[in-house]
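Asks: Need the 3D shape of this:
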Amino acid sequence: MADNVQKVKAILDSAGIVYSNANEKQLKIEVDGPTPTDLLLMAVAGCSGITLRTLLERDGLTPERLEVFVEGVKSEDRPRRFTQISVKYHIKCEGLSEEALNKYLKITESACPVIQSLSAESHLEYTLDR
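Replies: Predicted coordinates:
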């Protein structure tokens, strides 16, 4: 498989959904667990948080605490897609100025693959295998 191709699968049954990646790492979600749209927002939070932390650590800054809160606003009309996603960071990091933080946040937005996938057009292809 090419390095730029990432694969996951979802198996749905009456108990819930089991997601797995190419390494067969699994995430089991019961019927009343997070929804796929929750997982999308969680992906934004996780990816942007990891990206920001990596940038800070690369420059010798170690966040004592980093929390990422993501809120999505859905369209009233079907298919109820997200029309706006807001990301809020709470960070405690010694030696990090407000000006530097704003610079890091701009870089995070442009470097986070999940955010970039949501803000860019992606080609979706569907096939049916029986």
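Asks: what's the next secondary structure element after the helix ranked longest in the chain?
Replies: Assignment by DSSP state H gives helix 36-58 as the longest helix of the chain. For helix 36-58, the succeeding helix or strand toward the C-terminus, using DSSP states H and E, is strand 65-74.
Asks: So for the chain, which residue is the most central one in space?
Replies: Centroid-nearest residue in the chain: Ala43, 2.0 Å away (criterion: CA atoms, centre = their mean).
Asks: now the longest helix of the chain, how far from the chain's geometric center?
Replies: 5 Å (CA atoms, centre = their mean, to the nearest Å).
Asks: Can you name the residues in contact with it?
Replies: 34, 62-63, 66, 68-72, 74, 82, 85, 87, 89, 91, 93, 96, 104-105, 107-109, 111-115, 118 (CB atoms under 8 Å, 6 or more residues apart in numbering). Backbone N, C-alpha and C define where each C-beta goes, glycine included.
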